[in-house]
Structures are given as structure tokens and as C-alpha cells.
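Trainee: need a structure here:
(one chain, ligands or ions: 1)
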Amino acid sequence: MKDPQTPQAAAHESAASGFNRMRSKLSFARLVEMGAKMGLENPLFLCHDRAAKATAQIGGKEYLNFSTYDYLDLNTHPEITEAVTEAARLFGSSAGASRLVGGERPPHRQLEQAIARLYGVEDCIAYVSGHATNVSTLGFMFGPRDAIFYDGLAHNSLMQGARLSGAERYSYTHNDCDALEALLKAHRDKHKRAVIVTEGLFSMDGNIPDLPRLIRLKKQYDCMLLVDEAHSFGVLGATGRGAHEYFGIDAHEVDMWMSTLSKSMCGCGGFIAGSGELVEFLRYGSPGFVFSVGMPPIVAAACHKALELMLREPQRVHKLQRISQFFLEYAKDKGLDTGAAQGYAIVPIMVGDSMAAGFLANLLFKRGLYVMPITFPAVKEGEARLRFFLSAAHSEDQIRQALDAVQEDLPRAREIVETYKREHADDPVDEQ
Ligand SMILES: Cc1ncc(COP(=O)(O)O)c(C=O)c1O
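Mentor: Purely as a prediction, here's the structure:
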């Protein structure tokens with residue numbers, strides 16, 4: 001017979017089992033658990049000994065690093081460290097409160113105005129998080145009578161924002177403007193306002209959308225257009241100004257230029273740049289800005305200095321572009337599958353099976369190469385990959401070394417998984 005329980009113990013148990021049920025939904029955690037059973041070491045949450053550059057140091061050991069977003073090799077730049085130190089001396093480590101009520105510090109507006117100038121648009125608003133920028137902006141700007149047409153590979157933050165808004169959501173096949181146009185034809189008229197949402201450079205595939213066509217479609221179907229430049233800002237265009245510079249487009253053609261500040265700007269946070277009216281609307285209403293603390297002034301100062309360095313030293317952007325193209329060509333020469341990548345900062349090496357991608361990353365890590373596997377649920381099952389982030393700090397030698405190792409270890413990783421599957425074909429399926 002079961003022991004009688006006090007009401008408190010019963011409540012505790014039911015809360016705990018509720019939590020366990022929630023936990024079992026975490027696909028990443030399940031994958032890690034499954035991998036552990038197969039002898040796979042968890043590649044997530046590793047603690048670094050110092051700033052990660054072309055190499056990283058983890059547990060005292062040096063690794064060739066392809067897992068950091070610092071595309072322009074700016075993190076630890078002495079001028080940024082100096083700007084941060086000065087801002088910390090003057091303003092401390094926190095904005096103290098929401099900027100709406102707690103007030104601003106000079107680095108906030110300096111950064112926003114520099115970004116607006118870079119695009120040649122009227123204004124810009126910087127949020128404390130890149131993810132929150134998308135969630136809060138889309139969630140606040142659109143409502144149940146509106147429609148959000150988004151690329152099938154749009155980042156989680158864009159989808160969360162779309163969901164929060166309550167607008168009708170239409171996902172179109174990745175980078176397929178014909179598919180988008182068919183959806184617009186069928187559904188645009190049913191809604192009051194509409195927005196098309198895309199990325200400037202896709203974070204999983206490393207490819208670029210047809211922005212001129214998206215602009216034509218947005219005009220033809222009376223939509224707004226939001227371009228998330230998390231991975232194209234600092235990467236595309238002759239001076240790193242992003243997708244509009246790459247395509248030679250007037251930035252006013254796009255309603256909302258969004259980017260994170262955590263990649264090329266090696267800080268943290270996100271922004272929306274566009275018309276003065278739009279920015280004013282967000283500054284007084286967007287919950288992720290109004291009800292959240294302002295970006296720490298030290299971070300704003302760091303990002304502002306990074307922006308200045310990017311414009312002053314365009315050779316960083318050119319080096320990144322050259323080394324990314326080299327990576328793509330060398331990978332193709334080796335017979336590796338780079339998917340849809342166009343050779344700008346992000347290049348995946350397609351593996352297919354999630355577990356094989358995990359084992360490949362493990363094998364590479366053991367020989368001193370740090371690159372992350374991207375598996376389900378971040379990508380569809382069967383489309384797992386290793387995602388390489390390139391940086392202006394990488395050399396051709398380092399890339400050859402990395403890709404030679406991938407070519408050698410890829411069949412071994414697949415073999416480990418195949419053997420395991422053969423040996424465990426009769427095991428009962430673990431239904432969670
Ligand atoms: C396309 C895209 N948008 C938004 C974000 C969120 O930015 P952050 O990590 O700076 O919060 C990311 C993060 O990787 C991203 O890839």
C-alpha cells in the first residue's frame with residue numbers, strides 16, 4: 001500500500017511530476033540523454049577559459065574555434081575595452097531601470113543615432129536583447145486582424161513574436177518568392193495590415209533572400225517588410241552595412257531593419273531602424289523596451305565602438321568575405337555538402353542524421369576542433385549539420401586543417417551511429 005502523504009508532500013510530488021512532464025518535452029535534453037546512452041559526450045554549455053577568437057581555450061586546452069559570432073574579430077579589441085572601461089567608470093554596469101522611467105545615458109542615443117546614420121534612415125531603437133527585439137516588436141505592432149508572412153526558416157524569435165501578436169501566420173517555403181506570392185494572392189485581402197518577415201542572411205543555411213523581389217511584393221500587396229540582419233549586418237556589402245548595401249537598395253524601401261548586436265557588434269541586444277514615427281511608436285509602447293531595463297551603457301558603448309571600427313577598417317569585412325568564400329570552395333573541393341550556403345560568414349556542412357552530427361562534433365572536438373552540431377529541433381530531422389561560423393580572424397591554413405578533419409571523421413561518425421542502430425534494432429522504443 002502507498003504511504004499516506006501529507007497535503008504538502010502530495011502538492012510537492014504533483015508539482016515535481018508536472019515539471020518532469022515539461023522537461024520531457026525538451027527535445028535538446030532528450031537528444032543529449034539519448035546521445036549519452038550511445039556514448040556521446042554533451043557538447044553543450046562548455047565553459048571557456050578566455051574570450052573565443054579563431055582559437056578558444058576550454059579546460060586548459062586550445063581548440064580551433066568555429067562556434068563564435070564575432071564575425072569581424074572585434075571582441076577584446078583594445079579600443080572597445082577602453083570604451084567599456086570609460087563607460088563603466090562614468091555610468092556603472094547597469095542602466096538601473098527602463099530608459100522610459102529611469103532615463104538614458106549618452107551611449108544609448110549615440111549608438112542608436114550611429115545605426116540610423118549607417119542605414120540612412122531617420123531613427124533607431126536599441127533593446128536589451130536581440131531575441132526580445134523580435135518578440136516584442138512583432139508582438140506589439142500586429143494584432144488578430146493582421147497577417148504575418150514569414151520565411152519557413154525564420155529565426156525562433158521572429159516566430160515567437162508572430163505568435164504573440166495573435167495575427168494570422170503564413171509560413172512560405174524557405175527563400176521561395178513564388179510561394180510567398182501565392183500566399184499573398186490568396187490571403188492578403190482578408191487582413192487589415194500585413195508584414196513580410198525575412199532574414200538578411202539565414203542563420204542555418206547561410207544563404208541570402210531575393211530582397212529586390214521581396215520589396216516588389218511588399219509594394220504590390222501593400223505589406224510592410226521586416227529584415228532581420230542578425231547575420232548580415234557587418235557581413236554583407238562592401239563596408240558591412242548589410243543587405244541594402246549588398247543589393248544597392250535604398251534603405252527606405254524596407255520598413256523595419258532589425259539586427260542583433262551580439263554578432264558583428266560583439267555586444268548584446270538588438271535594434272529596429274526605420275522611420276522616426278515607427279521608432280517613436282516602439283519607444284513608448286513596445287513592452288520589451290518599456291517594461292525592461294535599458295541596455296547597460298557599457299554594452300551600448302562597446303557596440304558603438306565596434307560600429308566605428310567596422311566603418312573605419314573595412315578590411316575586416318573584406319577579410320571575412322574572402323575567408324568565407326575560401327571555406328566554401330575548399331569544402332566543395334573536398335566533396336563536402338555545404339547545402340544552400342553562399343559563402344558569407346555561415347557555412348553548414350550537411351550531415352543528415354542528428355546523432356551522426358553529434359558524434360562528428362565529438363570526434364572533431366577530441367582532435368582540437370570546436371564546432372557545434374545543429375540538430376533537430378533547430379532544423380528538421382534529416383537535415384542535421386555542423387554549422388561553421390567564420391571570422392576575419394581565421395586563416396586559410398586553419399580552414400584547410402578543419403575541413404580535412406571533417407572529411408576524415410564524417411564516415412566514422414556515420415559508422416558509429418549505423419552500428420549502434422544495427423545492434424539496438426530490437427530494443428523497445430522509449431516513448432516519453
Ligand atoms: C536571425 C536571428 N535573429 C535574432 C536572434 C536573437 O539574437 P540574440 O542572440 O542577440 O538575442 C538570433 C540569434 O542567434 C538570430 O540568429
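
Trainee: Who are the packing partners of the helix or strand hosting Arg89?
Mentor: Using DSSP states H and E, Arg89 sits within helix 78-91. Packing partners of helix 78-91 (3 or more C-beta pairs under 8 Å, 6 or more residues apart in numbering; DSSP states H and E): helix 297-312. In short, each C-beta sits where N, CA and C put it, glycine included.

Trainee: Give me the mean pLDDT for the helix it packs on.
Mentor: Averaged across helix 297-312, pLDDT comes to 98.

Trainee: mind listing what's buried in stretch 120-131?
Mentor: For stretch 120-131, burial by neighbour count (16 or more other C-beta atoms under 10 Å) applies to 121, 123-131.

Trainee: Flag every residue of this structure that's near the ligand.
Mentor: Within reach of the ligand by C-beta under 6 Å from any ligand atom, the chain has these residues: 129-131, 134, 155, 157, 199, 203, 228, 230, 260, 262, 270.

Trainee: again, only using 8 Å
Mentor: With C-beta under 8 Å from any ligand atom as the criterion, the chain meets the ligand at residues 69, 129-134, 154-158, 199, 202-203, 228, 230-231, 258, 260-263, 268-270.

Trainee: one step back: now do the helix holding Arg89 and helix 297-312, the angle between them.
Mentor: Using axes from the mean of the first three to the mean of the last three C-alpha atoms, to 10 degrees, the inter-axis angle of helix 78-91 relative to helix 297-312 is 150 degrees.

Trainee: Quickly find the element holding His244.
Mentor: With DSSP H and E as criterion, His244 is part of helix 243-247.

Trainee: send the alpha carbons of that helix over as PDB?
Mentor: Output of helix 243-247 as PDB, limited to C-alpha atoms (Å, rounded to 0.1, in the frame of the first residue of the first chain):
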ATOM      1  CA  ALA A 243      21.700  43.600 -47.200                       C
ATOM      2  CA  HIS A 244      20.800  47.000 -48.500                       C
ATOM      3  CA  GLU A 245      24.400  47.700 -49.400                       C
ATOM      4  CA  TYR A 246      24.800  44.200 -50.900                       C
ATOM      5  CA  PHE A 247      21.800  44.700 -53.200                       C
END
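
Trainee: now that helix: mean pLDDT?
Mentor: 98.

Trainee: What lies in contact with it?
Mentor: Helix 243-247 is contacted by residues 119, 200-201, 208, 211-212, 227, 229, 232, 236-239, 249-251, 253-254, 257 when judged by C-beta atoms under 8 Å, 6 or more residues apart in numbering.

Trainee: same thing but at 6 Å, please
Mentor: 200, 211-212, 227, 232, 236-237, 251 (C-beta atoms under 6 Å, 6 or more residues apart in numbering).

Trainee: Going by neighbour count, which of those are buried?
Mentor: 200, 211, 227, 232, 236-237, 251.

Trainee: quick one on the thing from earlier: by contact count, what packs against the helix or strand following the helix holding His244?
Mentor: Downstream of helix 243-247, the first helix or strand assigned by DSSP H and E is strand 256-260. Using 3 or more C-beta pairs under 6 Å, 6 or more residues apart in numbering; DSSP states H and E as the contact test, the elements touching strand 256-260 are strand 224-228, strand 270-274.

Trainee: quick one: strand 256-260 to strand 270-274, angle?
Mentor: Using the same axes, to 10 degrees, strand 256-260 lies at 160 degrees relative to strand 270-274.

Trainee: And strand 256-260, what's buried?
Mentor: Quick answer for strand 256-260 (16+ other C-beta under 10 Å): 256-260.

Trainee: how about those in CSV, adding distance to Val101 and pLDDT?
Mentor: Formatted as CSV, the buried residues of strand 256-260 follow (distance: C-beta to C-beta, whole Å; pLDDT from 0 to 100):
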residue, distance to Val101, pLDDT
Met256, 25, 98
Trp257, 27, 98
Met258, 25, 98
Ser259, 26, 98
Thr260, 25, 98
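
Trainee: In strands only, show me the residues of the chain next to the ligand.
Mentor: 199, 228, 258, 260, 270 (DSSP state E).

Trainee: does the third one have beta-bridge partners, and which?
Mentor: In other words, Met258. Under the criterion DSSP bridges, Met258 forms beta bridges with Asp228, Ile272.

Trainee: Run through the strands of the protein in chain order.
Mentor: Using DSSP E, strands in the chain cover 55-58, 61-65, 123-127, 147-151, 168-172, 194-199, 224-228, 256-260, 270-274, 346-352, 369-370, 372-374, 384-389.

Trainee: Could you say which one of the ones you listed comes nearest to Leu44?
Mentor: strand 372-374 (8.3 Å; C-beta to C-beta).

Trainee: Direction included, what does the closest one pair up with?
Mentor: strand 384-389 (antiparallel).

Trainee: what does the partner strand contact?
Mentor: Residues contacting strand 384-389 (C-beta under 6 Å, 6+ apart): 66, 69, 347-351, 354, 357, 371-375.

Trainee: which one among those gets closest to Phe365?
Mentor: Checking the contacts of strand 384-389 one by one against Phe365 (C-beta to C-beta), the nearest turns out to be Val371, at 8.1 Å.

Trainee: what's near enough to touch the closest residue to the closest one other than its chain neighbours?
Mentor: Nearest residue to Val371 in three dimensions, chain neighbours excluded: Phe66, at 4.3 Å (C-beta to C-beta, 6 or more residues apart in numbering). Contacts for Phe66 (C-beta under 6 Å, 6+ apart) come out as 371, 388-389.

Trainee: closest to the ligand among those?
Mentor: Closest approach between those and the ligand, by C-beta to the nearest ligand atom: Phe389, at 10.5 Å.
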